[in-house]
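Participant: Below are the sequence and a predicted model; questions follow.
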Amino acid sequence: MLPPDPQVVGLYITACASGKATGDKRPSSVSTIERRLSSLSWNFAQRGQPLDRKDRHIATVMAGIRNKHAAPPRQKEAVLPEDLIAMLETLDRGTLRGLRDRAMLLLGFAGGLRRSEIVGLDVGRDQTEDSSGWVEILDKGMLVTLRGKTGWREVEVGRGSSDATCPVVALQTWLKFARIIHGPLFRRVTGEGKSVGSERLNDQEVARLVKRTALAAGVRGDLPEGLRGKLFAGHSLRSGLASSAEVDERYVQKQLGHASAEMTRKYQRRRDRFRVNLTKASGL
């Protein structure tokens, strides 16, 4: 294994940006190039030969790529409370799959959880090796302890004003009829929807669930269906909570597990961006 050569790495990321480093000849996005550069750095570090990303052959080239090829981030559409209620109505309450999906949507929204955090939950603590957290149902709500991107945190999910939209009731109903008392919280429903398996759901199932129910409920029906299909994903639940919760921003930040208020604001989609008018507040 040869030591890392910043000039060679610089040539490689240049080829990625031009499309000459991929088989289909399409230029790689800036995020893809940064991810590949991080992978190279990690690999070299594991071999005891760290790569200097601040070297001019890498830093200068990467800065040029960002200036020329970077595009504004494509944010997913927020699922607001009225949207979520309509999405819930598309699910069959008489089937195990419908009960599971209702609990996933409501818990994901009320908790502001990432899709990996939703499917990574167990019924209790230290029950499976691949768990990323667990739930504890209390009188006034539910306490979710999970390991996210920023470390361990506790998320408080209160009971809703109605049983039909209460995430705690939805989860209790799913656990009762699925007869789950140990292990993964959300599992595959097998046997034509009549039995529950032991396998934990993949996080992609959350994204597919949000997209499928949003389309079925006609959310953002003012847009062409082809475009609507690209707007919704797992993050639509997190951004929906951030956009609709009429509370102090710091509480939303804590719920979502963000390190800064600026990150929380990026999740606020369909909202009144001018609720605080500093122009008028300054006397103009």
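Facilitator: Happy to help now that I have it. On a predicted model such as this, the values are computed, not experimentally measured, just so you know.
Participant: Quick check: chain neighbours aside, which residue is closest to residue 61?
Facilitator: Of all residues not flanking residue 61 in the chain, residue 10 sits nearest, at 4.5 Å (Cβ to Cβ, 6 or more residues apart in numbering). Backbone N, C-alpha and C define where each C-beta goes, glycine included.
Participant: Show the contacting residues for that neighbour.
Facilitator: When contacts are counted by Cβ atoms under 8 Å, 6 or more residues apart in numbering, residue 10 is found next to 55, 57, 58, 60, 61.
Participant: Of these, which is the most crowded?
Facilitator: Of all the contacts of residue 10, the highest neighbour tally under other Cβ atoms under 10 Å goes to residue 58, namely 23 neighbours.
Participant: what's the host helix or strand of it in contact with?
Facilitator: For residue 58, the host element (DSSP states H and E) is helix 56-69. The set of residues external to helix 56-69 that reach it, using Cβ under 8 Å, 6+ apart, is 6-7, 9-10, 13-14, 17, 27, 29-30, 33-34, 37, 51-53.
Participant: Mind giving me the ChimeraX select for those, buried ones only?
Facilitator: Filtering the contacts of helix 56-69 down to the buried ones (16 or more other Cβ atoms under 10 Å) takes a single ChimeraX command:
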select :6,9,10,13,14,17,27,30,33,37,51
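Participant: Keep only those of the contacts of helix 56-69 that are in helices.
Facilitator: Per DSSP state H, helices hold the following members of the contacts of helix 56-69: 6, 7, 9, 10, 13, 14, 17, 30, 33, 34, 37.
Participant: Just put those in CSV and tack on pLDDT.
Facilitator: Shown next, in CSV, are the ones in helices among the contacts of helix 56-69 (pLDDT from 0 to 100):
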residue, pLDDT
6, 92
7, 92
9, 93
10, 92
13, 91
14, 91
17, 88
30, 88
33, 91
34, 91
37, 93
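Participant: Can you say which two of the residues you listed are spatially most distant?
Facilitator: Using Cβ to Cβ, the ones in helices among the contacts of helix 56-69 span at most 20.7 Å, a distance reached by 7 and 30.
Participant: what about the strands in this protein?
Facilitator: 121-122, 133-137, 141-148, 151-158, 187-190, 195-200 (DSSP state E).
Participant: In terms of secondary structure, what does the first one contact?
Facilitator: Taking 3 or more Cβ pairs under 8 Å, 6 or more residues apart in numbering; DSSP states H and E as contact, the helices and strands that strand 121-122 lies on are strand 133-137.
Participant: which strands and helices sit next to the strand it packs on?
Facilitator: Using 3+ Cβ pairs under 8 Å, 6+ apart, strand 133-137 sits against strand 121-122, strand 141-148, helix 167-178.
Participant: Try it again at 7 Å.
Facilitator: Packing partners of strand 133-137 (3 or more Cβ pairs under 7 Å, 6 or more residues apart in numbering; DSSP states H and E): strand 121-122, strand 141-148.
Participant: average pLDDT across the shortest one?
Facilitator: This predicted structure assigns strand 121-122 an average pLDDT of 94.
Participant: what's the offset of it from the middle of its chain?
Facilitator: The chain centroid and the centroid of strand 121-122 are separated by 16 Å under Cα atoms, centre = their mean, to the nearest Å.
Participant: Outside of it itself, list whatever touches it.
Facilitator: 128, 131, 133, 134, 135, 144, 146, 183, 184, 185 (Cβ atoms under 7 Å, 6 or more residues apart in numbering).
Participant: Drop anything exposed from these.
Facilitator: Buried among the contacts of strand 121-122 by 16+ other Cβ under 10 Å: 131, 133, 134, 135, 144, 146, 184, 185.
Participant: Kind regards, and thank you for your time.
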